[in-house]
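Undergrad: this one's structure only:
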C-alpha cells in the first residue's frame, strides 16, 4: 500500500510538471529575418488623400464660381509637380463649384513670363499671371523633404483682396510612386553616342578563345547646362527667360549686365520691324541695322562681351520680361530714371519703350504722332538668345 501511494504521488508530480513546466522553458532567440514591407509603418498620408483634402478646402473657402489658376508646385521634379497640379485640377473640376483656367492658356502665359511648373514663383509674380488670365484666385505649392516624410504645402490667394484664402499643409508618406516621380529629374538625361567603328586598315591582335569579349567604349555626350532665372549666362549676362525647349534653335534669353548708353531709335520712317513677341528682337534688330547709324539697334549689334557678339535690341515683350523677371526682383542694375527702347515699331514716328521704375510701357508718348519720338534718346540694354 505504501509503495502504491508513492507511485500515485510521483505520477501527480509528473503531471504538474508537464502542465506548468512551460513557464521555465527558455525564450526563443529573436529572429534575424528583416521585416517585410507589409510590417513597416510610415508616418503621413497618401498623396491622393492630401490632394482631395486641399481641393475640399478650396471649394469651401473660395466663393463658388471663382476662376482659379493652378500656377505651380515648387519641387525637384517637373514630373511630380505636373502630377500634383493635374490631380488637383481633376478634384476641383469634379465638384463643379470652381472654374479652373485651361491648362493650355496657363502654359502659354507661364512660358511668356519665364516660369516653370516646378520652379519657385513668388506671390506677386503668381498674382500677375492670374490677372493676365482673368482668374480670381491663384494656387501655388511646394514640396520639402523632412526625412521620414515629405511636407506638401498648397496655398490659394484671392487676387482681388490679396489675402490667403487657403493654406493647406500635409505630411506625405514616402511611397514608391512619389519616389519614382521625384527621381524623374528634368534635363538630366545623359545622351550616349554610338561607338566609333575602327578603321579596316588597323591591324588588331586576334582574341584568344579564352579571353572575354571586350566591353565597347561608349563616350557620354556632355550635358547641356540648365539655367534658372537670375543665373549668370554663358556670355556673362543674366538669364531672364527659359522657354523650356530648344525650338527655333534657342531656349534661354540673356541680358547684358550694363546699358550701352542712350541712343535714338531711328529716323522718321516705317521700317517694318513691328514684331512684339518673345523671340522677335533679333529679327527686328537685323531690319533696323540697315538704317541710320548710331541708333539703338546698331549699338546692340556692335556690343561684344566675353567674346560674344550676337546681341540685339529686345522686342516689346522681351523688354517686359526683363522688367518682370529681373527688375521686380531687384536684379539687373537697370536705370530707373527713364525709358528703355524696344525694337518694336508702331508707325513712322513711334516705337515701344518701357519705364523700369514701374514697368509702364509707352508707345505713342501722349497719343500724338506729330512729333518724331524715334529721334529721342533713351536707354539701351542688349540681349541675346541661346
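TA: Alright, I've got the coordinates. What you see is a predicted model; the values in this text were computed from it and never measured.

Undergrad: dump the residue contacts of residue 164.
TA: Residues near residue 164 by CB atoms under 8 Å, 6 or more residues apart in numbering: 155-158. Yep, even glycine has a C-beta here, placed from its N, CA and C like the rest.

Undergrad: So residue 127: helix, strand or coil?
TA: helix (DSSP: H, G, I helix; E, B strand; the rest coil).

Undergrad: How confident is the prediction for it, by pLDDT?
TA: pLDDT for residue 127: 74.

Undergrad: now residue 137
TA: Reported pLDDT for residue 137: 89.

Undergrad: which SSE is the residue nearest to it when sequence neighbours are not counted in?
TA: Excluding the flanking residues, the one nearest residue 137 by CB to CB, 6 or more residues apart in numbering is residue 68, at 4.5 Å. Using DSSP states H and E, residue 68 maps to strand 67-74.

Undergrad: now the angle from the helix or strand just after that strand to strand 67-74?
TA: Per DSSP H and E, the first helix or strand lying C-terminal to strand 67-74 is helix 78-95. On the basis of axes from the mean of the first three to the mean of the last three CA atoms, to 10 degrees, helix 78-95 is oriented at 160 degrees to strand 67-74.

Undergrad: What lies in contact with helix 78-95?
TA: 47-48, 51-52, 54-55, 58-59, 68, 70, 72-75, 98, 100, 103, 116-118, 139, 141, 143, 152, 154, 178, 181-182, 184, 186.

Undergrad: In helices, which of these fall?
TA: Counted as lying in helices by DSSP state H, out of these, are 47-48, 51-52, 54-55, 58-59, 103, 178, 181-182.

Undergrad: With respect to residue 262, which of the contacts of residue 164 is nearest?
TA: Closest approach between those and residue 262, by CB to CB: residue 157, at 39.3 Å.

Undergrad: In this structure that closest one contacts residue 163, no?
TA: Yes - if you go by CB atoms under 8 Å, residue 157 and residue 163 touch, sitting 7.2 Å apart.

Undergrad: More neighbours: those two, which one.
TA: residue 157 (21 against 9; other CB atoms under 10 Å).

Undergrad: Following element in sequence after the strand or helix carrying the more buried one, please.
TA: Using DSSP H and E, residue 157 sits in strand 150-158. Sequence-wise, the next helix or strand downstream of strand 150-158 (DSSP H and E) is strand 163-172.

Undergrad: Any buried residues in that next one, and which?
TA: Within strand 163-172, the residues that qualify as buried by neighbour count (16 or more other CB atoms under 10 Å) are 165-166, 168, 170-172.

Undergrad: would CSV of those with distance to residue 83 and pLDDT be doable?
TA: Converted to CSV, these look like this (distance: CB to CB, whole Å; pLDDT from 0 to 100):
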residue, distance to residue 83, pLDDT
165, 23, 91
166, 20, 93
168, 17, 94
170, 15, 92
171, 18, 92
172, 12, 93
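
Undergrad: nearest to residue 293, of those?
TA: residue 165 (56.3 Å).

Undergrad: ok, the closest one touching residue 159?
TA: No - in this structure, residue 165 is not within contact of residue 159 by CB under 8 Å, at 10.0 Å.

Undergrad: where do the contact lists of the two overlap?
TA: Counting by CB under 8 Å, 6+ apart, the residues touching both residue 165 and residue 159 are residue 137.
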